[in-house]
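1. Fold the following, please.
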Amino acid sequence: MKPFFSQLSLSRQFLWVSFPILLGATLTMGWWVGRQVQDSVVHRIGSVTALYVDSFIAPHIQSLGNQTDLTPHDLEMLNADLNGTPLGQKIVALKIWRKDGTVLFSTDASVIGKKFPIDDGLAQALTGQIFSEISERSDDQQQAHGQVLARLIETYTPLHADRTGEVMAAAEFYVKPDDVDRETRAAQRRSWRVVAGTMLALYLGLFLVVRRGSRTIDEQQAELGDKVRQLTALNAQNLQLQARVISAAERATAVNENFLQRVSADIHDGPGQDLGFALMQLKNLGDQSLADGDRAHEAWGKGLAPARAAVASALNDLRAMSANIELPDIASLGACDIAARVVRDFQAKTGAQVALQAAAPDVNVSYRVKVALYRVLQESLANTLRHAQGKDVRVLLTGDSLRLTLEVSDQGPGFDPREAAKKGRLGLHGMRQRIEVLGGTFEVQTAEGAGTLIRVVLPLIQDQHDSQ
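-> Next comes the predicted model:
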């Protein structure tokens, strides 16, 4: 049984696969846009607040141009600005750093005068740049760093000399991130809506395209299924027709062989018997005429001699024709035995020499293949005697479990196949039909003055139509 996913159409598979991907991409892009907005808002608020702080704090540290510490008056003014002023409402905590990392002023009086390592934000501020970020710290980190709340906007801003613009110190201050969080959430909502709308439109567009393609594929698959079913039905009909053709070919072979046997018997029992009786009577008349000694009878006896010879020749021809027409009992013989039988009979009748090499395996050969092998080899050898005078005739029979290959060659004068086709030689045509009706191949290789090779390939078909 197919898995659930593979049973779905292409469009539904697209829905299942693409929706989580697009949803994840939407959330990721919304989060990324929110972070970018948050960083932008943090830097903007940090920069604005830094300018605000610089405008309030810088006037109270100008004494650092002449000394290393702030005067008590400067400290008093700083405390006054942080208590009950707009600056104090914005800033949660404030430190003023000297360039060597010493705290000159702090809302936490316990760290004033202490020296700390210069971190990245302070180092950036001392070079004249503003550094701002969201600072999130644990309880221990809050105490170590002097951060009042767990989450604040931490900003470092340079403090400049009024006349020269030189960085005299740096201010570290913290403000609450309420404005940042509010703007960030609003920006994230806007970005998510835009991204979600864009993704949804893209998703629907792709879905429509995939759905159209899916329907096209489904329709083509249905058409293909119909064609496959039609081809399957046609193939079944072809197999039935092939079986009927094979059966008809077998019956035709059997009928033809039975007909030839009847013709052979009729020749033997009819004209053969009559010619034999006539030959015997002519012999008796001749012998009697010679015995009487009369000149007329003697002449009569001598005149009968040519008639006797002609009748004897006709009788021999009829007997040879009858023997060739009649098919011997080959049902129990193998392919090699059949080839040996045909070659032996041919040599006995003609006196010609044939080189036989039979190396076919001992496999079960159907009766109609045996008949075809016998008749084709018989006709091929007769052709070598008729057209090549039996010159250097060779027979090669090979095969395996699937097919038999028969080759009959001679070194006779050969012939032009095109001229032979025009003359309509019945021997070659009959052999080709006998082989091709069994699904085999029949090939003649010849040329004038180059001999002739007949190659036959017979498939070893085994089915319910095999007889004997």
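
2. Please count neighbours and contacts with C-alpha atoms only from this point.
-> OK.

3. And for L373, the neighbour number?
-> When counting by other Cα atoms under 10 Å, one arrives at 24 neighbours for L373.

4. how about stretch 53-71 as PDB, C-alpha atoms only?
-> Only the C-alpha atoms of stretch 53-71 are listed here, as PDB (Å, rounded to 0.1, in the frame of the first residue of the first chain):
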ATOM      1  CA  VAL A  53      22.800  64.300  28.100                       C
ATOM      2  CA  ASP A  54      25.800  66.000  26.500                       C
ATOM      3  CA  SER A  55      24.000  69.400  26.500                       C
ATOM      4  CA  PHE A  56      23.300  69.000  30.300                       C
ATOM      5  CA  ILE A  57      26.400  67.200  31.500                       C
ATOM      6  CA  ALA A  58      29.200  68.800  29.400                       C
ATOM      7  CA  PRO A  59      29.000  72.300  31.000                       C
ATOM      8  CA  HIS A  60      29.700  70.700  34.400                       C
ATOM      9  CA  ILE A  61      32.900  68.900  33.400                       C
ATOM     10  CA  GLN A  62      34.800  71.700  31.800                       C
ATOM     11  CA  SER A  63      37.000  71.800  34.800                       C
ATOM     12  CA  LEU A  64      38.600  68.600  33.600                       C
ATOM     13  CA  GLY A  65      40.600  70.700  31.200                       C
ATOM     14  CA  ASN A  66      42.700  72.000  34.100                       C
ATOM     15  CA  GLN A  67      42.400  69.100  36.600                       C
ATOM     16  CA  THR A  68      41.900  65.400  36.800                       C
ATOM     17  CA  ASP A  69      38.800  65.300  39.000                       C
ATOM     18  CA  LEU A  70      35.500  67.100  39.200                       C
ATOM     19  CA  THR A  71      35.100  69.900  41.700                       C
END
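
5. Which positions within that stretch qualify as buried?
-> Along stretch 53-71, these residues count as buried under the neighbour rule (16 or more other Cα atoms under 10 Å): 53-54, 57-62, 69.

6. same check, this time on stretch 354-371
-> Using 16+ other Cα under 10 Å as the test for burial, stretch 354-371 gives 354, 356, 358, 360, 365-371.

7. so what does the host helix or strand of Y374 touch, helix or strand wise?
-> With elements taken from DSSP states H and E, the one containing Y374 is helix 367-388. Helices and strands touching helix 367-388, as assessed by 3 or more Cα pairs under 8 Å, 6 or more residues apart in numbering; DSSP states H and E, comprise helix 335-350, strand 403-410, helix 426-436.

8. G128 is nearest to which of these?
-> Closest to G128 of those, according to Cα to Cα: strand 403-410, at 97.5 Å.

9. which ones among the buried residues of stretch 53-71 are found in strands?
-> Using DSSP state E, no member of the buried residues of stretch 53-71 falls within strands.

10. What about the residues you listed, which are in helices?
-> Cross-referencing these with the helices (criterion: DSSP state H) gives 53-54, 57 as the overlap.

11. Counting neighbours, what do you get for W16?
-> 13.

12. Centre of the chain to stretch 109-119, how far?
-> Using Cα atoms, centre = their mean, to the nearest Å, the mean C-alpha position of stretch 109-119 is found 74 Å from that of the whole chain.

13. Could you tell me the end-to-end distance of it?
-> Distance across stretch 109-119, first residue to last, is 21 Å (Cα to Cα, to the nearest Å).

14. ok so, going back, just the closest of the ones in helices among the buried residues of stretch 53-71 to L104, please.
-> The nearest member of those to L104, counting by Cα to Cα, is I57 at 12.3 Å.

15. Which helix or which strand is home to the nearest residue to that closest one once chain neighbours are set aside?
-> Here the nearest residue to I57 in space, its sequence neighbours aside, is L78; by Cα to Cα, 6 or more residues apart in numbering that works out to 7.0 Å. According to DSSP H and E, L78 maps onto helix 72-82.

16. for the record, mean pLDDT for that helix?
-> Across helix 72-82, pLDDT averages out at 82.

17. circling back: helices or strands next to the helix or strand following the helix holding Y374 in the packing?
-> Tracing the chain C-terminally past helix 367-388 and defining elements by DSSP H and E, one meets strand 393-399 next. Helices and strands touching strand 393-399, by 3+ Cα pairs under 8 Å, 6+ apart, are strand 354-358, strand 403-410.

18. Show me the contact partners of the last one.
-> Counting by Cα atoms under 8 Å, 6 or more residues apart in numbering, strand 403-410 makes contact with 360, 377, 380-381, 384, 388, 390-399, 451-460, all of which sit outside it.

19. My assumption is that E172 lies in a strand; please confirm.
-> Yes: membership of E172 in a strand is supported by DSSP: H, G, I helix; E, B strand; the rest coil.

20. residues contacting it?
-> If a contact means Cα under 8 Å, 6+ apart, then E172 has 94-97, 122, 154-157 as its contacts.

21. Give me the angle between the helix ranked longest in the chain and helix 426-436.
-> When the chain is parsed with DSSP H, its longest helix is helix 178-269. Interaxial angle, helix 178-269 versus helix 426-436 (axes from the mean of the first three to the mean of the last three Cα atoms, to 10 degrees): 140 degrees.

22. Who are the packing partners of helix 178-269?
-> With contacts defined as 3+ Cα pairs under 8 Å, 6+ apart, the secondary structure elements packing on helix 178-269 are helix 10-57, helix 295-325.

23. ok so, going back, just name the closest of the contacts of E172 to L241, please.
-> Looking at those and their distance to L241, the nearest is E154, at 93.0 Å (Cα to Cα).

24. For the closest residue to A382 other than its chain neighbours, give me its contacts.
-> Once its chain neighbours are removed from consideration, A382 has its nearest residue in F346; the separation is 8.0 Å (Cα to Cα, 6+ apart). Listed by Cα under 8 Å, 6+ apart, the contact set of F346 reads 352, 378, 381-382.
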